[in-house]
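> Build me a structure from this.
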Amino acid sequence: MAAINADPEVMRFFPGTQTLQQTSDFIARAQRQYDEKRFTYFAVDRLDTDAFIGFIGLSRQTYEADFTPCIDIGWRLSKENWHQGFATEGAKRCLHYAFEDLKLMQIVATAPVINLPSIHVMIRIGMKPVKHFKHPMLKNDKRLETCVLYSVDR
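Presented below is the predicted three-dimensional model:
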């Protein structure tokens, strides 16, 4: 995960790359969230090679916005595994888990408006656009601050 988070191309729609310590902290938060909520950003391995390729999953978001707190779906894969349907396949499975196993009522996704690859995944998994908004955690980044909110209901 550290190599994926340190790749500038993978992180081009984020304020920057992440250090090894930031990645370790992210993983620890993900593990705590799973212990508490039974969902997280799950590690993803390719079934054909067993190679680790990133994460796909669910996370509780509490930053200041009119739609939070909420549960969002997200993904981050190594660039060697882009455009092969893995994000879509994994996200669909996570939605099934969210609605059928966890009985959640709604899942949202957000992305900067320039992040067309993620927006396309949102559409492919059945999410619908809700609105544009200024992300409070990206206020100082004119390139990324305008985001889209998509949602899907159970």
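
> rest of the way, CA atoms for contacts and neighbours
Fine.

> contacting residues around the lengthiest helix in the chain?
Identified as the longest helix of the chain according to DSSP state H is helix 20-37. For helix 20-37, the external contacting residues (CA atoms under 8 Å, 6 or more residues apart in numbering) are 1-2, 5, 39-41, 59.

> got the CA coordinates for the next helix or strand along the chain from that helix in CSV?
Next in sequence after helix 20-37, counting helices and strands by DSSP states H and E, comes strand 41-45. What follows is strand 41-45, C-alpha atoms only, in CSV (Å, rounded to 0.1, in the frame of the first residue of the first chain):
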residue,chain,number,x,y,z
TYR,A,41,-11.4,0.0,3.0
PHE,A,42,-10.6,-3.7,2.3
ALA,A,43,-7.3,-4.9,0.9
VAL,A,44,-7.7,-6.2,-2.6
ASP,A,45,-5.8,-9.1,-4.2
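
> rewinding a little: for residue 103, state which of the contacts of helix 20-37 is nearest.
residue 39 (11.8 Å; CA to CA).

> what's the pLDDT at that closest one?
We have a pLDDT of 96 for residue 39.

> Please check which residues sit opposite the nearest residue to it once chain neighbours are set aside as beta-bridge partners.
Spatial nearest neighbour of residue 39, chain neighbours left out: residue 58 (5.9 Å); criterion: CA to CA, 6 or more residues apart in numbering. With DSSP bridges as the criterion, residue 58 is bridged to residue 73.
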